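K.L.:
Take this sequence and fold it.
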Amino acid sequence: MLSGNRSSNYTQQNSVTIKDVAIYLRKSRGEEEDLAKHRTDLEELCKIKGWRYTEYSEIGNSDSIDLRPKMIQLLKDVEDDLYDAVVVMDIDRLSRGDGEEQAKIKNVLRRSGTFIVTPSKIYDLEDDSDDMMSDMQGFIARQEYKMIKKRLKRGKKQGARRGDWTNGTPPYPYVYQQWFDEKNGKMFTNEKGLVVNRERHEIYRFLLQKIIVENLPADHVAWELNRQGIPSPRNGRWHGNTIQRILLDETHLGKVISNKSAGDGHKVKRSKNSKGVIYFPREEWVIVENCHEAVKTEKEHAKVQMFFSRVITTTPKKKGSKVYPLSGLVKCAKCGHTMVVRYRSDNKTTGQILPCWYRDKYGNKCSNSGGKTSIAESFIMERVSEFENELRQSLAGEVSDNKNLLREIDMTLTQISKLERQVTKVNEGYEEEVYTAIEAKQRKAEIKVTLESAETKLNLLQLKLNNSKEMTNIERLNIIDKFKVQMSQENLTDIQKNDLYKSIISHIVWDREDNKKEKYIIYVNFL
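P.N.:
Predicted coordinates for the structure are as follows:
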């Protein structure tokens with residue numbers, strides 16, 4: 001493309017013919033003002049030199065070329081001999097990644113005979129001194145970049161421990177800005193943090209009302225918001241999982257939580273040296289209280305946890321899977337997993353609770369058998385009537401207990417105790433050289449997963465027990481009356497029945513050891 005002896009500085013570039021160039025601009029997120037300034041400077045340079053230019057600009061934090069679409073396009077165009085030079089503000093703008101990334105870019109430029117131009121110098125990669133200088137500057141830039149990342153990471157950790165917000169985009173309904181004293185109408189310009197957006201706060205309270213008071217499914221609440229034309233946090237449509245994620249966030253309690261994970265969770269790593277994401281147990285989290293205005297109470301958060309604890313993963317659902325009256329409500333008494341409910345296409349009146357699908361890691365199938373849904377539904381209505389009588393008697397002076405809830409708490413405590421003993425046995429086995437260090441670590445990791453699940457379940461049961469003590473019997477009776485009136489209506493859809501069941505019960509526990517014997521043990525756990 002170019003001929004003659006090429007020179008690499010502005011004072012001796014008479015023999016260098018540059019006509020068409022590519023301006024490459026790249027800045028990290030949050031540095032858009034610097035990007036605009038760099039664009040102005042490089043455009044001015046091209047105009048002074050009389051160069052025709054095409055701009056390639058992108059904003060991002062990635063070192064990897066694979067995550068920089070404009071760089072990929074630029075290299076392709078350079079290989080097609082579209083440009084005489086690539087113009088950048090500094091040579092490290094092309095790459096701050098590892099030596100392999102830098103070498104890939106340089107090889108493309110060298111093979112095509114394309115110069116690198118900065119405001120202070122023209123680099124000819126076929127010239128050994130320029131090539132060496134670009135390598136040195138790239139090395140220095142990478143070292144500086146590593147130090148900057150290290151300081152930023154350290155500063156983020158220190159800020160989080162002080163209670164500063166360092167986790168990127170704040171959760172709905174907060175915004176990150178200067179503190180504002182609403183009482184005195186005073187802005188603290190030197191202090192920034194999470195501030196409640198009042199318009200979003202109204203929507204947030206609407207979500208809480210629909211979920212923890214009216215017990216509506218999250219998907220139904222999302223549909224209502226979309227019907228009203230209210231945009232989601234990312235100005236799109238609302239979805240049930242969006243509402244669940246927002247309401248379960250503990251930031252809304254006035255807390256700043258950090259050290260929940262480490263590493264890179266992207267499928268395509270930002271850097272080839274990036275480590276996979278690791279999630280830390282809650283006891284290792286850094287939790288700072290009273291950092292900003294809370295938008296929900298601890299009691300409300302407990303109710304949210306209880307509501308969404310009913311959404312238990314079963315077997316993978318097929319697209320468009322049908323919802324039946326008892327869908328998601330039947331829980332296996334033996335292994336704790338949610339049992340699948342199905343209706344035959346030729347019989348819409350009677351459904352089946354299928355035998356428990358769960359198999360442990362050794363392939364042993366759970367022994368719990370299924371049965372007709374009509375048996376479970378009849379028992380639920382009987383138990384509702386019994387529970388109503390218990391509540392009315394309690395109003396007359398008799399105290400109603402929570403036998404089913406206490407029984408489940410006791411079973412969970414027993415399970416936790418067994419799992420803790422298993423961990424102790426693994427440690428003893430390692431000391432006696434029954435296990436190697438790797439085997440002991442793997443075995444403890446397997447037990448820990450089950451243990452954390454059991455502890456989460458215990459926490460939810462205790463929250464439910466506390467909530468049952470706080471809710472008055474009159475409130476419970478009103479909910480039951482509403483349930484009975486609505487269930488007596490004709491032509492209810494399966495989804496409407498499912499929502500009604502979920503308005504008063506958390507789940508039912510199903511136990512049937514032998515499929516041939518008509519013997520069932522069923523417990524109903526009310527909300």
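K.L.:
For residue 295, the count of nearby residues, please.
P.N.:
Other residues lying near residue 295 total 21 when counted by other Cβ atoms under 10 Å. No exception for glycine: its C-beta is placed from N, CA and C like everyone else's.
K.L.:
isn't there a strand covering it?
P.N.:
No - counting by DSSP: H, G, I helix; E, B strand; the rest coil, residue 295 is not part of a strand but coil.
K.L.:
Verify the contact between it and residue 171 for me.
P.N.:
No - using Cβ atoms under 8 Å, residue 295 and residue 171 do not qualify as a contacting pair, with a distance of 9.7 Å.
K.L.:
what do the two both touch?
P.N.:
By the contact definition Cβ atoms under 8 Å, 6 or more residues apart in numbering, residue 295 and residue 171 are jointly contacted by residue 252.
K.L.:
tally of neighbours for the closest residue in space to residue 340 that isn't next to it in sequence?
P.N.:
Spatial nearest neighbour of residue 340, excluding adjacent residues (Cβ to Cβ, 6 or more residues apart in numbering): residue 354 at 4.6 Å. Counted with other Cβ under 10 Å, residues neighbouring residue 354 total 15.
K.L.:
do the same with residue 130
P.N.:
Using other Cβ under 10 Å, residue 130 has 20 other residues around it.
K.L.:
mind checking the SS state of it?
P.N.:
Reduced to three states by three-state DSSP, residue 130 is helix.
K.L.:
what about it, distance to residue 45?
P.N.:
19 Å (Cβ to Cβ, to the nearest Å).
K.L.:
ranges for the helices of the stretch 151-300 of the chain?
P.N.:
Secondary structure of the stretch 151-300 of the chain (DSSP state H, counting those that start in this stretch): helices located at 198-208, 218-227, 240-248, 298-309.
K.L.:
my guess is residue 501 meets residue 383, correct?
P.N.:
No - checked against Cβ under 8 Å, the pair residue 501 and residue 383 is beyond contact range at 11.8 Å.
K.L.:
Which of those two has more residues huddled nearby?
P.N.:
Set side by side, residue 501 and residue 383 show more neighbours around residue 501, with 22 against 18, by other Cβ under 10 Å.
K.L.:
for the more buried one, what are its contacts?
P.N.:
By Cβ under 8 Å, 6+ apart, the contact set of residue 501 is 325-326, 329, 380.
K.L.:
Which of those residues ranks first by neighbour count?
P.N.:
Top of those by neighbour count (other Cβ under 10 Å): residue 329, with 24 neighbours.
K.L.:
For the nearest residue to that residue once chain neighbours are set aside, the count of nearby residues, please.
P.N.:
Spatially, and ignoring its direct neighbours in sequence, residue 329 is nearest to residue 507 (5.2 Å; Cβ to Cβ, 6+ apart). By the criterion of other Cβ under 10 Å, residue 507 has 22 neighbours.
K.L.:
Backbone dihedrals for residue 507, both of them.
P.N.:
Listed backbone geometry of residue 507 is phi -170, psi 170, with angles given as degrees, to the nearest 10.
K.L.:
and the residue nearest to residue 303 when sequence neighbours are not counted, what does it touch?
P.N.:
In space, not counting the residues next to it along the chain, residue 303 is nearest to residue 212; the distance is 4.1 Å by Cβ to Cβ, 6+ apart. If you count contacts by Cβ under 8 Å, 6+ apart, residue 212 has them with 300, 303-304, 307.
K.L.:
Residue 383 is in contact with residue 509, isn't it?
P.N.:
No - between residue 383 and residue 509 there is no contact under Cβ under 8 Å: 11.6 Å.
K.L.:
ok, and the closest non-adjacent residue to residue 218?
P.N.:
Using Cβ to Cβ, 6+ apart, the nearest residue to residue 218 is residue 240, at 3.6 Å.
K.L.:
Next: residue 359.
P.N.:
Spatial nearest neighbour of residue 359, chain neighbours left out: residue 365 (5.1 Å); criterion: Cβ to Cβ, 6+ apart.
K.L.:
Three-state assignment for residue 86, please.
P.N.:
Using three-state DSSP, the structure places residue 86 in strand.
K.L.:
residues near it, how many?
P.N.:
Around residue 86 sit 25 other residues, with neighbours defined as other Cβ under 10 Å.
K.L.:
do the same with residue 282
P.N.:
By other Cβ under 10 Å, 11 other residues sit near residue 282.
K.L.:
Check the offset of stretch 48-56 from the chain's centre.
P.N.:
43 Å (Cα atoms, centre = their mean, to the nearest Å).
K.L.:
okay, how far is it across it, tip to tip?
P.N.:
Taking Cα to Cα, to the nearest Å, the first and last residues of stretch 48-56 lie 20 Å apart.
K.L.:
Stretch 90-103 now?
P.N.:
End-to-end distance of stretch 90-103: 17 Å, with Cα to Cα as the criterion.
K.L.:
can you check stretch 203-222 too?
P.N.:
Taking Cα to Cα, the first and last residues of stretch 203-222 lie 11 Å apart.
K.L.:
next one: stretch 462-481
P.N.:
Distance across stretch 462-481, first residue to last, is 26 Å (Cα to Cα).
K.L.:
residues contacting the residue nearest to residue 218?
P.N.:
Applying Cβ under 8 Å, 6+ apart to residue 240 gives the contacts 217-219, 221-222.
K.L.:
Nearest to residue 519 among those?
P.N.:
Taking Cβ to Cβ as the measure, residue 519 sits nearest to residue 217 out of those, at 33.6 Å.
K.L.:
Measure how buried the nearest residue to that closest one once chain neighbours are set aside is and give me the count.
P.N.:
In this structure, residue 217 finds its nearest non-sequential neighbour in residue 499, 6.2 Å apart by Cβ to Cβ, 6+ apart. As a burial measure, residue 499 scores 18 neighbours (other Cβ under 10 Å).
K.L.:
Am I right that residue 499 falls within a helix?
P.N.:
Yes - the assignment for residue 499 is a helix, going by three-state DSSP.
K.L.:
Next one: it from residue 27, what distance?
P.N.:
50 Å.
K.L.:
can you put the helices of the stretch 151-300 of the chain in CSV and add distance to residue 459 and mean pLDDT?
P.N.:
Shown next, in CSV, are the helices of the stretch 151-300 of the chain (distance: least, Cβ to Cβ, whole Å; pLDDT from 0 to 100):
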stretch, distance to residue 459, mean pLDDT
helix 198-208, 20, 92
helix 218-227, 21, 84
helix 240-248, 13, 90
helix 298-309, 8, 84
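K.L.:
can you put those in JSON lines and add distance to residue 454?
P.N.:
Listed next are the helices of the stretch 151-300 of the chain as JSON lines, based on distance: least, Cβ to Cβ, whole Å:
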{"stretch": "helix 198-208", "distance to residue 454": "28"}
{"stretch": "helix 218-227", "distance to residue 454": "26"}
{"stretch": "helix 240-248", "distance to residue 454": "20"}
{"stretch": "helix 298-309", "distance to residue 454": "13"}
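K.L.:
For residue 86, find the nearest of those.
P.N.:
Set against residue 86 and scored by Cβ to Cβ, those come closest in helix 240-248, at 41.9 Å.
K.L.:
just how off-centre is the one helix or strand residue 452 maps to within its chain?
P.N.:
Here residue 452 sits within helix 437-470, counting by DSSP states H and E. Offset of helix 437-470 from its chain centre (Cα atoms, centre = their mean): 20 Å.
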